[in-house]
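Undergrad: build the 3D model from these lines:
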Amino acid sequence: MSYAQRLVVAVTTAADGSATAYSDTVTGKISQIRYVKTDFAAGVDFTITSEATGETIWTESDVNASATRAPRQDAHTTSGVPSLYAAGGTPVLDKIALANDRIKIVIAAGGNVKAGTFHLVIE
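TA: A predicted model of the protein is given here:
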């Protein structure tokens with residue numbers, strides 16, 4: 001049986017425009033992340049990673065409006081070679097898996113005591 005879980009993380013910045021927030025613990029694959037702008041400053045920067053490993057999930061600079069992303073990573077063969085659709089072709093991508101981990105959201109340049117919300121969909 002497969003199901004999706006939505007976690008909602010509200011983030012408010014400090015006076016210097018920075019913030020760090022964490023999701024609840026999750027196990028599954030990240031399907032998508034929806035950023036809903038409340039009043040973060042234009043040009044806010046996000047760095048979203050796995051807390052346990054530091055693996056990048058979504059990093060983007062100068063975000064000005066609400067946005068949805070479906071982060072993916074390169075797939076590899078059992079010998080560590082990147083999987084390609086055709087020889088020398090486009091990389092095969094797969095969802096990012098987390099096991100008993102939290103998602104870490106770091107904000108920079110968000111403005112003085114400003115807010116935004118992240119909806120994390122985990123399958």
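
Undergrad: so Asp24 touches Val8, yeah?
TA: No. Counting by CB atoms under 8 Å, Asp24 stays clear of Val8, with 9.7 Å between them. All C-beta spots, glycine's among them, are computed from the backbone N, C-alpha and C.

Undergrad: how about the helix or strand harbouring Thr117: buried residues?
TA: Using DSSP states H and E, Thr117 falls within strand 115-122. Neighbour counts using 16 or more other CB atoms under 10 Å place 115-118, 120-122 of strand 115-122 among the buried residues.

Undergrad: got the angle for the top strand by length along the chain vs strand 115-122?
TA: If you go by DSSP state E, the chain has its longest strand at strand 26-37. Interaxial angle of strand 26-37 relative to strand 115-122 (axes from the mean of the first three to the mean of the last three CA atoms, to 10 degrees): 150 degrees.

Undergrad: helices and strands around strand 26-37, which ones?
TA: If contacts are counted by 3 or more CB pairs under 8 Å, 6 or more residues apart in numbering; DSSP states H and E, strand 26-37 sits against strand 5-12, strand 56-63, strand 67-69, strand 93-101, strand 115-122.

Undergrad: adjacent strands (with direction) for that strand?
TA: Sheet pairing for strand 26-37, assigned by DSSP bridges, gives strand 67-69 (antiparallel), strand 93-101 (antiparallel), strand 115-122 (antiparallel).

Undergrad: to Thr77, which of these lies closest?
TA: Each of the strands paired with strand 26-37 has some distance to Thr77 by CB to CB; the shortest is strand 93-101, at 12.5 Å.
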